[in-house]
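Colleague: need coordinates for the following:
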Amino acid sequence: MRPFGRILLTNDDGIDAPGLKVAEEIAAQLAEEVWVVAPEHDQSGVGQGISLHTPLRVYHHGERRFAVSGTPADCVMFAMAEWFEEEAPDLVLSGVNCGANLSDSVMYSGTVGAVLAAAHLGLPGIALSQAFVDRAAIDYAPTTRYAAGLIRELWEAGADRDGYQRACWNINFPDLPVAELRGSRFTRQIGGGIAGPRLVHGTDGRGLAYHWLSFERRPSSIDHPQSDVVALRDGHISVMPLQPTRCDDVLADECFKEGDRPLPR
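Modeller: Residues are numbered from 1 along each chain as shown. Below you'll find the model as predicted:
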């Protein structure tokens, strides 16, 4: 029996990405009805950004399959406004991303941004990402083999038992043969994977300077046993609960107890 009636599927690599086809196969195992609403082009690194300065255009790519000229969060918003205003999907599935979304990269990920956008609309969401070493030889076998089963287990265990605040997940699969996977591990987002921003400089055909933004990455510096990076390093699938709010609720509660404060002099 499929645990969901309807899944909305999106990604940040674009409508033609190989990982999206993998995600469609996974979603078909989990839902009676699958809708694909994905960006027209690669939107990696846009986080939870939405398009406010350009119009959105939609292109039909088959039955219940559409491309939107915007971000992953745009795709979720567009789908909810255009097709699901009266009957929302049971789950928003984002991915499968080409590359892991770990450590500091989580906050920039468009794959993760889509499920955070879903959470703000009261929808449960799961981001799926497949790690790789060689971009030219990405093996989605770990995700293909275990993603559907993991999602079933999360929901059977009551992933949304405390409401949709707890039904937002970031799942990363290691770049290992299926036979070498050791299990799954609940993880936390531990920073330190990005040492700092870097610029790659160049000159265009008119002699004008341009700059590519890049990052110096140091995932090997992360050794926290509960981190997502260490989980993949140990051969485990990383399963991380996300929270859509950026507020530090513990600190906010402590400050609230102090009461209102007068204006500064």
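
Colleague: and the longest helix for the protein?
Modeller: Assignment by DSSP state H gives helix 141-156 as the longest helix of the chain.

Colleague: ok, residues contacting that helix?
Modeller: The contact list for helix 141-156 (CB atoms under 8 Å, 6 or more residues apart in numbering) reads 3, 22, 25-26, 29-30, 91, 95-96, 126, 128, 130, 169, 171, 173-178, 181, 184, 237, 239. Backbone N, C-alpha and C define where each C-beta goes, glycine included.

Colleague: any buried residues in that helix, and which?
Modeller: Across helix 141-156, burial judged by 16 or more other CB atoms under 10 Å covers 141-144, 146-148, 150-152, 154-155.

Colleague: before we move on, which element is D16 in?
Modeller: When elements are assigned from DSSP states H and E, D16 belongs to no helix and no strand.

Colleague: okay, now the unreliable bits of this structure?
Modeller: Scanning the chain for pLDDT under 70 picks out 160-166.

Colleague: so which residues of it form strands?
Modeller: Using DSSP state E, the strands of the chain run over 4-10, 31-39, 58-60, 65-68, 91-98, 125-130, 168-173, 183-186, 194-203, 209-217, 236-241.

Colleague: one step back: which single one of the buried residues of helix 141-156 is nearest to L251?
Modeller: L154 (28.7 Å; CB to CB).

Colleague: how near is the closest one to I126?
Modeller: From L154 across to I126, the span is 8 Å (CB to CB, to the nearest Å).

Colleague: residues shared between the contacts of the two?
Modeller: Contact criterion CB under 8 Å, 6+ apart; residues shared by L154 and I126: W169.

Colleague: follow-up on the earlier one: got the strands of the chain as JSON lines, with mean neighbour count columns?
Modeller: Output for the strands of the chain, formatted as JSON lines (neighbours: other CB atoms under 10 Å):
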{"stretch": "strand 4-10", "mean neighbour count": "24"}
{"stretch": "strand 31-39", "mean neighbour count": "22"}
{"stretch": "strand 58-60", "mean neighbour count": "12"}
{"stretch": "strand 65-68", "mean neighbour count": "21"}
{"stretch": "strand 91-98", "mean neighbour count": "30"}
{"stretch": "strand 125-130", "mean neighbour count": "28"}
{"stretch": "strand 168-173", "mean neighbour count": "26"}
{"stretch": "strand 183-186", "mean neighbour count": "15"}
{"stretch": "strand 194-203", "mean neighbour count": "10"}
{"stretch": "strand 209-217", "mean neighbour count": "11"}
{"stretch": "strand 236-241", "mean neighbour count": "22"}
